[in-house]
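> Sequence below, structure please.
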Amino acid sequence: LTIPYGYLIKPVDKTDLNNFIEFALYKHQLESESKESEKKYRSWFEDDLTGNFIATREGKIIECNPAFADIYGIGGCEQAIKYDTSQFNPTDWKHLVNRLKTEHKIQYHHSTHQRPDGKKIQIIANFVAEHNETGQITEIKGYIFDDTKRKIAENAIQEREEFFSGTLNDLTTLVAILKLDGEIIFVNNTSLKLIEKNLEDVKGMMFYDVEWWTFSKETVQKLKEHIKICASGETVEYETQIQTLHGLIWIDYSMHPFFDEEKKLKYLVAEGRNINQHKKSEKKLERSEKRYQSIFENSGTGLLTFGKDGTIIMMNSEWEKLSGYSHEELEGKRKWMEFVHPDYLKMMMEYHQQREKDPESVPLQYETVFIIKSGKQLVTYITVTPIPESDQWLVSAIDITDLKNTQKKLEKSVVRFQALAEYSVDGIITTD
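Numbering: from 1, shown residues only. Reported below is the predicted structural model:
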């Protein structure tokens, strides 16, 4: 029996034969297990999603899996072994080899590699070095994960943050960037200063839960509705109040959708312009207008305003009584010259034309005659003055018809008295 060579020499001893058979069976079992183990290893190696490779210390690829070839844009493993991994980033490879001399294993190594086609990729990798008896590196195993997409997304987020914190923080308007459900992504410093908060204090909160809005349940509910409207692609604009450390202020507020290059709705952008001073001026103007409206309406004199073409814009109740016409009949429909007596019309038209050229060349006050709705003629004393910072004029009219009639009667009495005194045979003496 020659065990090392695996054949028998007759005559055969039964004991030796039995040992030989057991040895052969054991050897077969070991070979089967080894092949099965190699098959599993090869399957794991080939099917792994990470790019696995084995290379020499210099970087020459000995073996790799399909994922490695795919990551580096190489047409298969047969082509990949023609390449040198050190050339993907020569400086980084030298650094790795020096570290592996002492560390033996490097995990989660981040680097930028240039593929053979020139495209740059971002990788995360683990490296394991095999050493010989003298401590020299014999081969390096690498496990590569392509991190390019995540890195691009990370850079995009960083660029977005830089844009938000840079450009938007410099704006004097209030700006907030929201997710489609109203969650805060970013708020600029102008907005945060109003409530003495930092971005970290409000980031991740729902926009309507921040104290700008929580002073009123109605305001919060309205904002929630507007977020839904904006998330459907529509813009919302209105004036509203927000709470600050110094009380409520008015803002001109808008919320509009922001779409990416693919026309996909990405964010909601809320903007607000402080109009508190404007609102104060507006209220002051409103009070002033009400005061002047009261004076205009309750004046004992007939008042009306007219434009450049003479159309009546507004008149008070006293003019209504004076003319017999209602507001609805005259305002915006009739010209005030239409009611002037023909004997005075030419003079007043000349005054009107001259007034547009040189207001000071025309008398502000004069007598004229109006024909009112009933057909009656009224002698009036009118004053025409320009309304500052407009192309309108104000007319005030006083009815002096009775006064003129009395004056005429008095003049007639004086004439009769003078005639009586002229031809009387008796002496006439007048005393005070």
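> How much space separates residue 300 from residue 318?
7 Å (Cβ to Cβ, to the nearest Å). No exception for glycine: its C-beta is placed from N, CA and C like everyone else's.
> Comparing the two, which residue is more hemmed in?
residue 318 (21 against 7; other Cβ atoms under 10 Å).
> Do I have it right that the more buried one meets residue 295?
No - counting by Cβ atoms under 8 Å, no contact exists between residue 318 and residue 295, whose distance comes to 11.9 Å.
> quick one, phi psi at residue 287?
Torsion angles at residue 287 (phi, psi; degrees, to the nearest 10) stand at phi -60, psi -40.
> Pull the number of nearby residues for it.
10.
> Check residue 419 too.
10.
> Could you report the separation of it from residue 278?
73 Å.
> now swap in residue 387 and tell me
Counting by Cβ to Cβ, the gap from residue 387 to residue 278 is 23 Å.
> so residue 375, which of the three states?
coil (DSSP: H, G, I helix; E, B strand; the rest coil).
> same check, this time on residue 321
Under three-state DSSP, the three-state class of residue 321 is helix.
> Need the nearest residue in space to it, chain neighbours excluded.
In space, and not counting its chain neighbours, residue 321 is closest to residue 302: 7.6 Å by Cβ to Cβ, 6 or more residues apart in numbering.
> and residue 310, what does it touch?
By Cβ atoms under 8 Å, 6 or more residues apart in numbering, the contact list for residue 310 reads 335-337, 352.
> and of those residues, the nearest to residue 327?
Set against residue 327, the nearest of the contacts of residue 310 by Cβ to Cβ is residue 336 (13.7 Å).
> May I have the predicted confidence score for that closest one?
In this model, residue 336 is scored at 89, pLDDT.
> all numbers from here: first residue = 689
From this message on, residue numbering opens at 689, which makes the last subject residue 1024.
> what separates it from residue 1005, distance-wise?
17 Å.
> ok, now residue 1085?
13 Å.
> just the helices in the stretch 789-938 of the chain please.
836-854, 877-881, 887-890, 905-919 (DSSP state H, counting those that start in this stretch).
> just to revisit the earlier point, how many other residues sit next to the residue nearest to residue 1009?
Counted with other Cβ under 10 Å, residue 990 comes out at 23.
> what does residue 860 give?
Neighbours around residue 860, by other Cβ under 10 Å: 9.
> Kindly report the same for the one 4 residues further on.
Neighbours of residue 864 under the rule other Cβ under 10 Å: 24.
> Now do the buried residues in stretch 992-1001.
Neighbour counts over stretch 992-1001 (16 or more other Cβ atoms under 10 Å) mark 992-994, 999-1001 as buried.
> Among those, which lie within strands?
992-994, 1000-1001 (DSSP state E).
> and the helices of the stretch 789-938 of the chain, which is most packed in?
helix 877-881 (a mean of 18; mean count of other Cβ atoms under 10 Å).
> Can you name the next helix or strand after the least confident helix or strand in the chain by mean pLDDT?
Here the helix or strand of the chain ranked lowest by mean pLDDT, DSSP states H and E is helix 702-735, holding a mean of 59. Beyond helix 702-735 on the C-terminal side, the first helix or strand identified by DSSP states H and E is strand 739-743.
> what separates that following strand from the chain centre, distance-wise?
Counting by Cα atoms, centre = their mean, to the nearest Å, strand 739-743 is centred 50 Å from the centre of its parent chain.
> again, but for stretch 1001-1014
On Cα atoms, centre = their mean, the centre of stretch 1001-1014 falls 50 Å from that of its chain.
> Tell me where the stretch 939-1088 of the chain has helices.
Remark: helices assigned in the stretch 939-1088 of the chain by DSSP H, counting those that start in this stretch are 964-986, 1005-1011, 1015-1018, 1030-1045.
> do you know which of these lies nearest residue 945?
helix 964-986 (27.0 Å).
> How about the contacts made by residue 1066?
Here residue 1066 is in contact with 1010, 1057-1060, 1087, 1089 (Cβ under 8 Å, 6+ apart).
> do the same with residue 996
Residue 996 touches 1044, 1079, counting by Cβ under 8 Å, 6+ apart.
> Okay, it and residue 1045: tell me how far apart.
12 Å.
> now swap in residue 991 and tell me
On the measure of Cβ to Cβ, residue 991 and residue 1045 end up 25 Å apart.
> These two: which is more packed in?
A count of neighbours by other Cβ under 10 Å puts residue 991 above the other of residue 991 and residue 1045, at 21 against 8.
> What residues are recorded as beta-bridge partners of the more buried one?
In this entry, residue 991 is beta-bridged to residue 1084, by DSSP bridges.
> Can you check what pLDDT the model gives the residue sitting nearest the centre point of the chain?
Compute the mean C-alpha point of the chain, and by Cα atoms, centre = their mean the closest residue is residue 957, 3.5 Å away. We have a pLDDT of 93 for residue 957.
> and it, what does it touch?
863-866, 943-946.
> How many residues are close by the closest residue to residue 1005 other than its chain neighbours?
In this structure, residue 1005 finds its nearest non-sequential neighbour in residue 985, 6.2 Å apart by Cβ to Cβ, 6+ apart. Counted by other Cβ under 10 Å, the residues lying close to residue 985 total 13.
> Then residue 742?
18.
> can you pull the contacts of it?
749-752, 827-830.
> repeat that with 6 Å
Neighbouring residues of residue 742 by Cβ atoms under 6 Å, 6 or more residues apart in numbering: 750-751, 827, 829.
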